[in-house]
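Colleague: Sequence and predicted structure below; questions after.
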Protein chains: 2
Amino acid sequence: MKLKTLVLSPQSRLDEVCSEDCRARLYEYFEPVWNETGRDYIQEELSALVADAEAIITSWGSPGLTDEMLEKAVKLRVIGHAAGTVKNLVPKQIFSRGIKVFSAAPRIAQSVGEYCLAALLASLRFLPAFDSSMREGKWKIAGMKGSELTGSTVGIISASSTARAFIKLLAPFQVNVLIYDPYLTEEGAARLNARKAALEEVMSCPIISVHAPKLPATERMLTRDLLALIPDGAVFINSSRDPVVDEQAFMEELQSGRFFAALDVFEKEPLAAEHPIRSLPNVLLTPHIAGASVQGHLALMGEVVEDIIRSQRGEKTAYEVTEKMWEVMA
Amino acid sequence: MKLKTLVLSPQSRLDEVCSEDCRARLYEYFEPVWNETGRDYIQEELSALVADAEAIITSWGSPGLTDEMLEKAVKLRVIGHAAGTVKNLVPKQIFSRGIKVFSAAPRIAQSVGEYCLAALLASLRFLPAFDSSMREGKWKIAGMKGSELTGSTVGIISASSTARAFIKLLAPFQVNVLIYDPYLTEEGAARLNARKAALEEVMSCPIISVHAPKLPATERMLTRDLLALIPDGAVFINSSRDPVVDEQAFMEELQSGRFFAALDVFEKEPLAAEHPIRSLPNVLLTPHIAGASVQGHLALMGEVVEDIIRSQRGEKTAYEVTEKMWEVMA
């Protein structure tokens, strides 16, 4: 019996996240209901379709599923989200309804991991500054010599999936990896070829990468005192969430110019056009694109669909979201 | 018996390449003759010192040792170059004089390897373009989505030490590595977890990195026809020598905008201030800094000194330059 599966990705973004292979798998194992209206569903259409669905596939821009909608969705057994967090997609009550939830967040982590290494190496070697200077007609810049990553020490804040993806890519550089994460055991850290450390120790590393989720417990966890520990000449990377950092204290530290920061996330996004951070020389700025890549996006729906197939066969799954995971999701 | 060792690095750059550890090792195992004049030697001083030296340590900016000078240097047994190529430092005849030659070129390769990965990842994710655009007050850029490296195919031209250093860093990305190198065996390629390939095949890869030395045989080896094989959307990296590329044909290909290039080397250096390449959007430009890093430079003299110590003890060396190597050196 193939599950009647409502594909709810907004039309404008469907081709970005659903590959030809994914479509084929959906036809092979499910009874997909595509939106063929040429526009997004209006509320009445949506309610009727959800009430009739056995499975729902969502992605960025999909409408949130309220508890009210779920109450009528008596046939619904599984939701697969071809994107990251499901915090705003499904209410916590979904778990008590016996509906399984899957999210492709770990697949996005791979792109974030690559972004972190890209940003780190580009920062260590001043690539954006050299490129700008070359475009201004210059050649070498006195006193500007890059640093090697090999043999350095990398401090990681939170052993999230993005942190794990980043750490994997560090393997050939023979770096020492220190992780601060209250939920990580020493054995868990050792399995990542890392060592569990206090937040103070991590903030004192020459390379620091923030991977903490946005939670009440992580809000402004990087206080003024902790930010003051960042060593001169360090590279600080934030690809997680800005509210983790005390923004004003961070801005003051950055303006001193004593370390370099690669920042993909900001307190308010889009970042204000006139924000003073935009003109600092010691930053590499990107517009929240750490998780965005052509290959990463195109794989999302397929990864979730495969995981649901595994689940139906009683095999081990990779992307299932439990109630406990939902609680600590960004 | 400690060898009387003339340290010939120009005064202005000695501290860049000679660490405290290196100094200590020189005192421990050699009888170092430091330049304490507060200036570089004049020709007469230099000739007298070379004639009396049992070992000579050189670096960037050291005077070349002519066959005439070497003829008088009857005690000289070893030259250690705390930099890259020794092609312009010692004449080929040095090898028939029984003088051993060491070069720290393989240590520089580590920094070049890191540069190649930095330039590749930064190019794949458009980091310099995003950073510039952020500095102009913008946020996301429509249609600009980066690519992942994981699972891609990387074509390498010449299995030089810089290529090997780069390939090592690619390990976690599970890429297919194809190498063109007429001197590489299939077994040699397999030891690098790579496959030997024709130059045409390498030039058709979505990622191409040039590591060929500057030799008569490599001059303009990347012809117009070969450059035309570069796929649309590819990333082409040149950290070796520009004369390897047919410059005019390359410029025409670049101006079409159909692929991206990360370029650290140019036909004429410094690159002309008004060179049209400086204003292309599809390039990442750096001023011949691929091999330059603080840690890499500071390690150079120490690495060469250690290798000479190993040689004196009859142990396996890592940096000795043979006559055959001298011939194919850049």
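Modeller: Arrived safely, thanks for sending.

Colleague: Just confirm A:Gly146 contacts B:Gly291, I think it does.
Modeller: No - between A:Gly146 and B:Gly291 there is no contact under C-beta atoms under 8 Å: 10.2 Å. C-beta: built from backbone N, CA, C; applies to glycine.

Colleague: now A:Leu89: how far from A:Phe102?
Modeller: 11 Å (C-beta to C-beta, to the nearest Å).

Colleague: So which of these two has more stuff around it?
Modeller: Legend: neighbour count by other C-beta atoms under 10 Å in any protein chain shown for A:Leu89 and A:Phe102, higher for A:Phe102 (26 against 23).

Colleague: what about the helix or strand where that one lies, distance to the chain center?
Modeller: Per DSSP states H and E, A:Phe102 falls inside strand A:100-103. Centroid displacement of strand A:100-103 relative to its chain, using C-alpha atoms, centre = their mean, to the nearest Å, is 17 Å.

Colleague: One more: stretch A:146-153?
Modeller: Worked out by C-alpha atoms, centre = their mean, stretch A:146-153 lies 25 Å from the chain centre.

Colleague: Likewise for stretch A:5-22?
Modeller: Counting by C-alpha atoms, centre = their mean, stretch A:5-22 comes out at 20 Å from the chain centroid.

Colleague: could you dump that stretch to CSV, C-alpha only?
Modeller: The C-alpha trace of stretch A:5-22 is given here as CSV (Å, rounded to 0.1, in the frame of the first residue of the first chain):
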residue,chain,number,x,y,z
THR,A,5,1.7,11.8,0.0
LEU,A,6,1.1,15.5,-0.2
VAL,A,7,4.1,17.4,-1.6
LEU,A,8,3.8,20.8,0.0
SER,A,9,7.0,22.6,-1.1
PRO,A,10,6.1,26.0,-2.6
GLN,A,11,6.0,25.7,-6.3
SER,A,12,8.7,28.4,-6.7
ARG,A,13,11.3,26.3,-4.9
LEU,A,14,10.3,22.7,-5.7
ASP,A,15,12.9,22.1,-8.4
GLU,A,16,15.6,23.4,-6.0
VAL,A,17,15.0,20.6,-3.5
CYS,A,18,13.5,17.8,-5.5
SER,A,19,15.7,16.0,-8.0
GLU,A,20,14.6,13.8,-10.8
ASP,A,21,15.7,10.8,-8.8
CYS,A,22,13.5,12.0,-5.9
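
Colleague: Please, where are all the strands along the stretch 151-300 of chain A?
Modeller: A:153-157, A:176-180, A:195-196, A:207-210, A:235-238, A:260-263, A:283-285 (DSSP state E, counting those that start in this stretch).

Colleague: Can you add distance to chain B, mean pLDDT and mean neighbour count and give those strands back as JSON lines?
Modeller: Formatted as JSON lines, the strands of the stretch 151-300 of chain A follow (distance: least, C-beta to the nearest C-beta, whole Å; pLDDT from 0 to 100; neighbours: other C-beta atoms under 10 Å in any protein chain shown):
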{"stretch": "strand A:153-157", "distance to chain B": "13", "mean pLDDT": "98", "mean neighbour count": "25"}
{"stretch": "strand A:176-180", "distance to chain B": "13", "mean pLDDT": "98", "mean neighbour count": "21"}
{"stretch": "strand A:195-196", "distance to chain B": "20", "mean pLDDT": "98", "mean neighbour count": "16"}
{"stretch": "strand A:207-210", "distance to chain B": "13", "mean pLDDT": "98", "mean neighbour count": "26"}
{"stretch": "strand A:235-238", "distance to chain B": "12", "mean pLDDT": "98", "mean neighbour count": "26"}
{"stretch": "strand A:260-263", "distance to chain B": "9", "mean pLDDT": "98", "mean neighbour count": "24"}
{"stretch": "strand A:283-285", "distance to chain B": "4", "mean pLDDT": "98", "mean neighbour count": "23"}
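
Colleague: still on that earlier bit, ok, A:Gly146 and B:Gly291, which is more surrounded?
Modeller: A:Gly146 (26 against 22).

Colleague: Give the bridge partners for that one, please.
Modeller: B:Ser293 (DSSP bridges).

Colleague: still on that earlier bit, common neighbours of A:Gly146 and B:Gly291, please.
Modeller: B:111, B:115 (C-beta atoms under 8 Å, 6 or more residues apart in numbering or on different chains).

Colleague: For the closest residue to A:Val154 other than its chain neighbours, list the residues it contacts.
Modeller: Nearest residue to A:Val154, sequence neighbours excluded (C-beta to C-beta, 6 or more residues apart in numbering or on different chains): A:Ile207, at 4.5 Å. Residues in contact with A:Ile207 (C-beta under 8 Å, 6+ apart) are A:120, A:149, A:152-155, A:175, A:234-235, A:237.

Colleague: try it again with 7 Å
Modeller: A:Ile207 makes contacts with A:120, A:152-155, A:234-235, as judged by C-beta atoms under 7 Å, 6 or more residues apart in numbering or on different chains.

Colleague: Give me the buried positions along stretch A:192-203.
Modeller: Judged by neighbour count (16 or more other C-beta atoms under 10 Å in any protein chain shown), stretch A:192-203 contains these buried residues: A:192, A:194, A:196-197, A:199, A:202-203.

Colleague: now swap in stretch A:53-62 and tell me
Modeller: For stretch A:53-62, by 16+ other C-beta under 10 Å, it's A:53-60, A:62.

Colleague: Endpoints of that stretch, how far apart?
Modeller: One end of stretch A:53-62 sits 15 Å from the other (C-alpha to C-alpha, to the nearest Å).

Colleague: and that stretch, does that touch chain B?
Modeller: No - contact between stretch A:53-62 and chain B is absent, the nearest approach being 12.9 Å (criterion: C-beta under 7 Å from any C-beta of the partner chain).

Colleague: Against A:Ala197, how distant is A:Val210?
Modeller: Per C-beta to C-beta, A:Val210 is found 14 Å from A:Ala197.

Colleague: Map the structural domains onto the sequence of chain A.
Modeller: Domains of chain A are assigned by automatic domain parsing as A:3-103+A:294-328, A:108-285.

Colleague: Tell me which of these is the most buried.
Modeller: domain A:108-285 (a mean of 19; mean count of other C-beta atoms under 10 Å in any protein chain shown).

Colleague: distance between it and the chain's centre?
Modeller: For domain A:108-285, the distance to the chain centre is 15 Å (C-alpha atoms, centre = their mean).

Colleague: again with stretch A:80-100
Modeller: Per C-alpha atoms, centre = their mean, the centroid offset for stretch A:80-100 relative to its chain is 17 Å.

Colleague: do stretch A:306-325 as well
Modeller: Distance of stretch A:306-325 from its chain centroid, counting by C-alpha atoms, centre = their mean, is 19 Å.
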